[in-house]
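In: Predicted model, plus sequence, below.
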Amino acid sequence: MGFTSSNDQHHLLSKIATNDGHGEDSPYFDGWKAYDSNPFSPTQNPHGVIQMGLAENQLCFDLIQEWIKKNPKASICTTEGADGFKDIAIFQDYHGLPDFRKAVAKFMGRVRGGRVTFDADRIVMSGGATGANEVIAFCLADPGDAFLVPSPYYPAFDRDLRWRTGVQLVPVVCESSNDFKITEAALEAAYEQAQEANIKVKGLLITNPSNPLGTILDRETLKSLVSFINKKNIHLVCDEIYTATVFSEPNFISIAEIIEEDMECNRDLIHIVYSLSKDMGLPGFRVGIVYSYNDTVVNCGRKMSSFGLVSTQTQHLIASMLLDDEFVERFIAESAKRLATRHKGFIRGLLQVRIACLNSNAGLFCWMDLRRLLTESTVEAEMALWHLIIHEVKLNVSPGSSFHCSEPGWFRVCFANMDDDTMEVAIRRIQTFVQRKEAVVPGNKQQRRRSNLRLSCSSPRLDEQVMTPRMMSPHSPMALSPCLRART
Ligand SMILES: Cc1ncc(COP(=O)(O)O)c(C=O)c1O
């Protein structure tokens, strides 16, 4: 018995099964493959690749574990909680457990500073924000229709919104000259470009706080976006899954607050995507939410949610946890504090070698400016630098072009998915790399001499010189197969 060839497969299977809309085969997975085949461990593999391409919030698991131990009744698989097992195990209503919806609505209000409330009856669940974004695309657009998306944007939108729906994405080009702000001119240009190509624009999709920028949208910009979509009579989808990662001022402003304000707005056009993957650091629980102000979208989304329900076991646990006000208060405050500290340390480390990042106050990553290390301002040069960083520096960071950034030389670097010691090694690796790289920039003789001096006493491997006794920590970033992981 032989295997069928890929040509036969194209004939036998659907277009979705045989197209590459998922993106797993894209060259951008090289970094994940490099990490997967050689993951860093301070004790087992100190020269391995450090994972800095994963937007995970792993800084507060101690708080969650502590809560779980104190609340054994919240789990149905404990002696204390087993009495509730049957009722939870058989529940399958796609509206979700009432307490779960109530708890999530309350939490969504709380992480938005209590300045806005959410109606539990509008909470539609889905498999993470990934599922929520696809549900929204299915509800709002037909194959061939498009959403405008300010770039740089989260690469997996290309998968989540397009792959199975047939919807298209049209980038709204944002530039470093004004800190990647979304301008009305850029929105109009993208809209016109779509129209010229005979593409029907159904909505604008924004991510606030932004992945990859780590910035938040100010009130004025949010208002201008609402005016724009109202004027064009298209939808506004706001992916707000990084809400509680805002770690310093100014405060986050949700689109929910803007539409409560005194401004002309057709609420039927406004939809929020949320999840607990980033704010609570629970991507494995797949708790995603569509919150729409449009009744038809709520009803249709709820029917669609049958395809991506959150298990009742998870709903039950999350409901208990999020209805514990004291825990939620402490968790939100502590998480922001730890993120701020980590961000500050990382930025400081980069500044020591004059590497700057875009000013940001949210997210689990920095948008690092390596433009001066490019041999020329092209995507090819960016990819060449990226390969050096993966294979020589042994850091899996993400190149700006994977986020559809219009300017080569920017990289997203995640800082919240590892312990302090690993972060220290990562910073030292970047510092050594930049110093070496600049030592060979022509015309920089003084610097070259200085760097050579420093490097002459270093070992051939970039990280051997940065090993310290503190490095014997048993903790390391988790090693996971890129094939098993969605791009985050
Ligand atoms: C902007 C954005 N939306 C959605 C997702 C997917 O999140 P989830 O794990 O909840 O599916 C991510 C994950 O990185 C993201 O950054």
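Out: Thanks, I have the structure now.
In: who's in contact with stretch 70-80?
Out: Residues from elsewhere that reach stretch 70-80, judged by C-beta atoms under 8 Å, 6 or more residues apart in numbering: 68, 81-82, 84-85, 88-89, 313, 316-317, 320-321, 324. C-beta: built from backbone N, CA, C; applies to glycine.
In: Just the buried subset of those residues, please.
Out: 81, 88, 313, 316-317, 320-321, 324 (16 or more other C-beta atoms under 10 Å).
In: State the pLDDT value of the closest residue to Asn38 other than its chain neighbours.
Out: Distance criterion C-beta to C-beta, 6 or more residues apart in numbering; nearest residue to Asn38, sequence neighbours excluded, is Gly48 at 4.7 Å. pLDDT for Gly48: 96.
In: Gly48 is in contact with Pro42, isn't it?
Out: No - with contacts counted by C-beta atoms under 8 Å, Gly48 stays clear of Pro42, the gap being 9.6 Å.
In: okay, now Ser311: neighbour count?
Out: Neighbours of Ser311 under the rule other C-beta atoms under 10 Å: 15.
In: and of the buried ones among the contacts of stretch 70-80, the nearest to Leu374?
Out: Met321 (45.9 Å; C-beta to C-beta).
In: Check the gap between that closest one and Leu204 for me.
Out: Remark: distance between Met321 and Leu204 (C-beta to C-beta, to the nearest Å) = 34 Å.
In: got CSV for the contacts of stretch 70-80, with pLDDT and distance to Asp218 too?
Out: Output for the contacts of stretch 70-80, formatted as CSV (pLDDT from 0 to 100; distance: C-beta to C-beta, whole Å):
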residue, pLDDT, distance to Asp218
Ile68, 96, 38
Gly81, 90, 45
Ala82, 90, 50
Gly84, 89, 45
Phe85, 90, 48
Ile88, 89, 43
Ala89, 88, 47
Gln313, 94, 40
His316, 95, 39
Leu317, 96, 36
Ser320, 96, 36
Met321, 97, 32
Asp324, 97, 33
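In: how about those residues, which pair is most distant?
Out: Going by C-beta to C-beta, the pair spanning the contacts of stretch 70-80 furthest: Ala89 and Asp324, at 23.1 Å.
In: Do a quick rundown of the helices in the stretch 1-150 of the chain.
Out: Applying DSSP state H, counting those that start in this stretch to the stretch 1-150 of the chain gives helices spanning 6-12, 15-18, 30-37, 61-70, 85-90, 98-111, 128-140.
In: next one: the fourth one to chain centre, how far?
Out: Here helix 61-70 shows a centroid-to-chain-centroid distance of 24 Å under the convention C-alpha atoms, centre = their mean, to the nearest Å.
In: Show me which residues of the stretch 1-150 of the chain sit near the ligand.
Out: 55, 128-130 (C-beta under 6 Å from any ligand atom).
In: Kindly tell me how buried Asn19 is, as a neighbour count.
Out: 10.
In: what's the spacing between the residue nearest to it when sequence neighbours are not counted and Ile199?
Out: Once flanking residues are discounted, Asn19 sits nearest to Trp163: 7.9 Å by C-beta to C-beta, 6+ apart. Separation of Trp163 from Ile199 (C-beta to C-beta) stands at 18 Å.
In: Comparing these two, which residue is more hemmed in?
Out: Neighbours per residue, other C-beta under 10 Å: of Trp163 and Ile199, the larger number sits with Trp163, 18 against 15.
In: For that one, give me its contacts.
Out: 16, 19, 21-23.
In: how does it look with 10 Å?
Out: Shown in contact with Trp163 (C-beta atoms under 10 Å, 6 or more residues apart in numbering): 16, 19-23, 134, 137, 156.
In: Now compare these and name the two farthest from each other.
Out: Asp20 and Ala137 (18.5 Å).
In: between the two, which one's more packed in?
Out: Shown here are Asp20 and Ala137; by other C-beta under 10 Å, Ala137 has more neighbours (26 against 9).
In: among the residues of the stretch 1-150 of the chain next to the ligand, who's most crowded?
Out: For those, neighbours were counted using other C-beta under 10 Å, and Ala129 has the most, 29 neighbours in all.
In: related to what we said a few turns ago, what distance do you get for the residue nearest to Asn19 to Asn133?
Out: In terms of C-beta to C-beta, Trp163 sits 11 Å off from Asn133.
In: now Trp410
Out: According to C-beta to C-beta, Trp410 and Asn133 sit 23 Å apart.
In: What of Pro212?
Out: With C-beta to C-beta as the criterion, Pro212 and Asn133 are 16 Å apart.
In: Neighbour count: these two, which is higher?
Out: Neighbours around Pro212 and Asn133, counted as other C-beta under 10 Å, are more numerous at Pro212. The numbers are 30 against 27.
In: if I've got this straight, the more buried one is in a strand?
Out: No - secondary structure assignment places Pro212 outside any strand; it is coil (DSSP: H, G, I helix; E, B strand; the rest coil).
In: mind listing what it touches?
Out: 55, 151-155, 180, 358, 360, 363, 365-368, 398, 400, 402-403, 405, 410-414.
In: May I ask which helix or strand encompasses the residue nearest to it when sequence neighbours are not counted?
Out: Closest residue in space to Pro212, ignoring its immediate chain neighbours: Arg412 at 3.9 Å, by C-beta to C-beta, 6+ apart. Using DSSP states H and E, Arg412 falls within strand 410-414.
In: Spell out which residues make up each domain of the protein.
Out: The chain breaks down by automatic domain parsing into domains covering 9-54+370-472, 73-327.
In: nearest to Gln352, of the ones you listed?
Out: Nearest to Gln352, of all the domains of the chain, is domain 9-54+370-472, at 6.2 Å by C-beta to C-beta.
In: Excluding residues flanking it in the chain, which one is nearest the closest residue to the ligand within the stretch 101-250 of the chain?
Out: Residue nearest to the ligand within the stretch 101-250 of the chain (C-beta to the nearest ligand atom): Gly128, separated by 2.6 Å. Closest residue in space to Gly128, ignoring its immediate chain neighbours: Gly288 at 4.1 Å, by C-beta to C-beta, 6+ apart.
In: That neighbour: which element?
Out: Element membership of Gly288 [criterion: DSSP H and E] is strand 287-292.
In: wait, does that strand make contact with the ligand?
Out: Yes - judged by C-beta under 6 Å from any ligand atom, strand 287-292 comes into contact with the ligand at Gly288.
In: buried set for the next helix or strand after that strand?
Out: Using DSSP H and E, the helix or strand that follows strand 287-292 towards the C-terminus is helix 295-304. Going by neighbour count (16+ other C-beta under 10 Å), the buried part of helix 295-304 is 297-298, 300-302, 304.
In: what's next to helix 295-304, contact-wise?
Out: 94-96, 119, 121-126, 131-132, 134-136, 138-140, 235, 268-271, 289-292, 294.
In: Pull the distance from that helix to the chain's centre.
Out: Mean-position distance between helix 295-304 and its chain equals 25 Å (C-alpha atoms, centre = their mean).
In: Taking their axis directions, it and strand 287-292 sit at what angle?
Out: Here helix 295-304 runs at an angle of 150 degrees relative to strand 287-292 (axes from the mean of the first three to the mean of the last three C-alpha atoms, to 10 degrees).
In: thinking again about what came up before, may I have the beta-bridge partners of the residue nearest to Gly128?
Out: Per DSSP bridges, the residues bridged to Gly288 are Ser126, Ser275.
In: Just give me the neighbour total for it.
Out: Count around Gly288 with other C-beta under 10 Å applied: 26.
In: Correct me if wrong: it contacts Gly96.
Out: No - when contacts are counted by C-beta atoms under 10 Å, Gly288 is not listed as touching Gly96 (11.7 Å).
In: ok so, going back, tell me which of the helices of the stretch 1-150 of the chain sits most buried.
Out: helix 128-140 (a mean of 26; mean count of other C-beta atoms under 10 Å).
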